[in-house]
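S.K.: this one's structure only:
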């Protein structure tokens, strides 16, 4: 899927140049996407490992534990967001 998307972007970028010189590949963006895919796969394997390790715990309890951790980390990340720090969480909820 990653290769197909990359090929599509490269072809579209080449055709959208419309006579202008070819700018080049967005290598930084492609590297970020590749890194995201790698980290996502690693996290999926790690989650599967721990889900199998705690096979005596019911599935609902495992999902609840993962969701709680996800919610806590989301809270930590948005606390460090500069716009949230300056304006507050409910600033743009008009």
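M.R.: Cool, the structure landed. The shown structure was predicted, so the numbers you read here are calculated from the model rather than taken from an experiment.
S.K.: and the residue nearest the centre of the chain, what element?
M.R.: The residue lying closest to the centre of the chain (Cα atoms, centre = their mean) is residue 36, at 5.9 Å. Per DSSP states H and E, residue 36 falls inside helix 27-53.
S.K.: pLDDT (mean, whole number) over that helix?
M.R.: Helix 27-53 shows a mean pLDDT of 87.
S.K.: wait, residue 84 touches residue 75, no?
M.R.: No: assessed by Cβ atoms under 8 Å, residue 84 is found out of contact with residue 75, at 10.6 Å. Just so you know, the C-beta spots here come from the backbone N, C-alpha and C atoms, and that holds for glycine as well.
S.K.: between those two, which is the more surrounded one?
M.R.: Higher neighbour count among residue 84 and residue 75: residue 84, with 14 against 10, using other Cβ atoms under 10 Å.
S.K.: with adjacent residues omitted, what lies nearest to that one?
M.R.: Closest residue in space to residue 84, ignoring its immediate chain neighbours: residue 78 at 5.4 Å, by Cβ to Cβ, 6 or more residues apart in numbering.
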